[in-house]
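Trainee: When you get a sec, could you give me coordinates for this:
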Amino acid sequence: MEYIGYLASIIIGLSLGLIGGGGSILTIPILVYLFKIDPELATTYSLFIVGVTAFYGGYSHYKLGNLKLKTALYFAIPSIVAILIIREVIFPKIASTLFTIASYAVSKDLLIMIVFAILMISASISMIKKNKTEETIYKTNYTQLSIIGFLVGIVTGFLGAGGGFLIIPALLFFANLPMKQAVGTSLLIIFINSAIGFAGDLYLNTPIDYGFLLTISAMAFVGMFIGILLSKRIDGRKLKPIFGWFVLVMGIYIIIKEVLL
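Mentor: Model (predicted):
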C-alpha cells in the first residue's frame, strides 16, 4: 500500500498546481489509509507536506505575476491567529475519547476523520456545481476577506488542511482576483497557514519522521511541477468538476469505513 501512497502523493501537488487547492483534502486520507498514520499525527504531517508544496507553487506563480501579496496578508494574518488558538490551546485539551454511545466509543481520531469527510463532501459539491458568478466583478472587501481568513484558519488548525477550496472562492468574490491570480495567491496563503500550524506542533514536541515527510513532499513536488506546466495550457476551472467527483467518493468512503466497517 505504501507504493500506492507514494504515487497518490503526486496528486496532492497536481491538484495544488492546477486549481490552487484540494491537495490537503487528499493528504489526510493518503496518510491515514495508505500509510497507516494516526489521524492526529496525520494533521501535523499534512501541514508540512501541503505547506512546502504550496511554497514552491506560490513562488512559481509569483514569477508568472499571479500573486497579490496585500490580499494574501489580509487573509493570512487572521488565519494565523485562528490556527494558533486551535492547535496550541484547544486541540491539546480535547480528550482521546470524547464520549461513548452504548458500547461504541467516539474518539478524537474518529471525530477528525468524520469532520474531514463532511468537509470533503461539502467542498466536492462546490467543485461539481457550475458557478456562473465566478466571472462577476466584485469590489474588494478586506473586512469580509479577513473574517473568512479566520474561519479558514479554524479549519486548518483542526484538520491540518490548507483550505484552498475555501480560499479560492473568497479571493474570487471578495478580492476581485482573476482565476490565475486567485490560484497563485491561494498557494501563498496555504503556505503561511501550514507553516504556522506545523511550527506550533514542533513547539508542542510532536514526534516527526522527517525522512518520510521529505519523501512524500518530493512526490508532491513532482505533481506540483506537472500541475503548473498544465495550468499554462488547461483552465483549472474545467478540471474542478472531475476532481470534485473524486473528492465526493473519497468523503463517502471515509464515513462508511469509519462508522460502519
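Trainee: and Leu67, backbone torsions?
Mentor: Dihedral pair for Leu67: phi -140, psi 130, per degrees, to the nearest 10.
Trainee: Pull up the gap between it and Phe173, please.
Mentor: Distance, Leu67 to Phe173, by Cβ to Cβ, to the nearest Å: 18 Å. Yep, even glycine has a C-beta here, placed from its N, CA and C like the rest.
Trainee: Of the two, which one has the most company?
Mentor: Ranked by neighbour count (other Cβ atoms under 10 Å), Leu67 and Phe173 place Leu67 first, with 22 against 19.
Trainee: I'd like the distance between that one and Leu73.
Mentor: Distance from Leu67 to Leu73, by Cβ to Cβ: 11 Å.
Trainee: And Ile114, by the same measure?
Mentor: 33 Å.
Trainee: now swap in Ile125 and tell me
Mentor: Ile125 is 30 Å from Leu73, by Cβ to Cβ.
Trainee: Compare neighbour counts for those two and give me the winner.
Mentor: Neighbours were counted for Ile125 and for Leu73 using other Cβ under 10 Å; Leu73 has more, 16 against 13.
Trainee: confidence score at that one?
Mentor: pLDDT for Leu73: 91.
Trainee: Val155 and Ile167 touch, don't they?
Mentor: No: counting by Cβ atoms under 8 Å, Val155 does not reach Ile167; the two are 10.1 Å apart.
Trainee: Please identify which of the two sits among more neighbours.
Mentor: Neighbours were counted for Val155 and for Ile167 using other Cβ under 10 Å; Ile167 has more, 31 against 23.
Trainee: Skipping adjacent residues, who's closest to the more buried one in space?
Mentor: Residue nearest to Ile167 in three dimensions, not counting chain neighbours: Ser186, with 4.4 Å by Cβ to Cβ, 6 or more residues apart in numbering.
Trainee: got it, and Leu188?
Mentor: Gly58 (4.1 Å).
Trainee: What average pLDDT does the strand or helix carrying that neighbour get?
Mentor: Per DSSP states H and E, Gly58 falls inside helix 39-63. Helix 39-63 comes out with an average pLDDT of 85.
Trainee: got the buried residues for that helix?
Mentor: Residues 39-58, 60-61 are the ones in helix 39-63 that count as buried (16 or more other Cβ atoms under 10 Å).
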